[in-house]
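Enquirer: below are the sequence and a predicted model; questions follow.
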Amino acid sequence: MKIGILQTGHFPDALQPDNGDYDAMFRRLLGGRGYDFETWNIVDGDFPGGPEDADAWLITGSRHGAYEDHPWIPPLEELIRQIRTAGRPLVGVCFGHQIIAQALGGRVEKFSGGWSVGPQSYELEGETTTLNAWHQDQVTQLPPDAKVVGSSDFCANAALLYGDRIYTVQPHPEFTATMIDGLMRERAPGVVPEPLLVSARARLDAPTDSERLAARFAEIFSKGAKT
């Protein structure tokens, strides 16, 4: 089965030697399941020919906002709608979660409550789940047929399900404690309030439920055509 990774941003250059880029993180997270992967660097204007270029799709995180004026965002939204019409499974993480909601009629905004950083607890499909977060933007208005399947006190729309083939989450199951620590050094200064970083550093060693999310993603992907 071929998973198409739509990469909508790049991990900081200084952190890539040890961690790889966003697509490499998802290849590790989803490894051992017999998938073939192909990456399209959407953020650099590299697009697939259409939904048929992969059996299932995944949209990564990004430092960009879904509401920002970038030339690659409108065609990405159109591709999302085409993937849905074609019935191909689609998973979105963080920015991916947000851009899918926006493309299907929802709203994404810079959250007035500020940032969420490091391990966070969510009620996700009936289970308490710990995952790493790194975001300020949130889905604040749901698309017409989105079902909320995960939330926290800070993030009401933390996971959304559209039918049985589109599943999106705000937190980052692909992020390890090392990656969050690196982001706090590379991207947080002057952006994320220092007290929040201090609190996040104190929780970095908390175990996360990333493997549970990987299994859930695989369940969504399994609904696509296998080749």
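Expert: Arrived safely, thanks for sending.
Enquirer: what's the average pLDDT for the lengthiest helix in the chain?
Expert: Secondary structure of the chain read by DSSP state H shows that its longest helix is helix 73-86. The average pLDDT within helix 73-86 is 98.
Enquirer: any idea of the mean pLDDT in stretch 141-152?
Expert: Per-residue scores along stretch 141-152 average to 97.
Enquirer: would you mark the buried spots in that stretch?
Expert: Buried residues in stretch 141-152, counted by 16 or more other CB atoms under 10 Å: 142-143, 146, 149-150, 152. For every residue, glycine as well, the C-beta is placed using N, CA and C.
Enquirer: which pair in those residues spans the largest distance?
Expert: Using CB to CB, these reach their maximum pairwise distance at 143 and 152, which is 20.0 Å.
Enquirer: extract the C-alpha trace of the longest helix of the chain and format it as PDB.
Expert: Written as PDB, here are the backbone C-alpha positions of helix 73-86 (Å, rounded to 0.1, in the frame of the first residue of the first chain):
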ATOM      1  CA  ILE A  73      -2.500  26.700   0.200                       C
ATOM      2  CA  PRO A  74      -5.500  27.000  -2.300                       C
ATOM      3  CA  PRO A  75      -4.300  24.100  -4.500                       C
ATOM      4  CA  LEU A  76      -3.700  22.000  -1.400                       C
ATOM      5  CA  GLU A  77      -7.300  22.700  -0.300                       C
ATOM      6  CA  GLU A  78      -8.500  21.700  -3.700                       C
ATOM      7  CA  LEU A  79      -6.500  18.500  -3.500                       C
ATOM      8  CA  ILE A  80      -8.000  17.700  -0.100                       C
ATOM      9  CA  ARG A  81     -11.500  18.000  -1.600                       C
ATOM     10  CA  GLN A  82     -10.500  15.800  -4.500                       C
ATOM     11  CA  ILE A  83      -9.000  13.100  -2.200                       C
ATOM     12  CA  ARG A  84     -12.300  13.100  -0.300                       C
ATOM     13  CA  THR A  85     -14.400  12.900  -3.400                       C
ATOM     14  CA  ALA A  86     -12.200  10.000  -4.600                       C
END
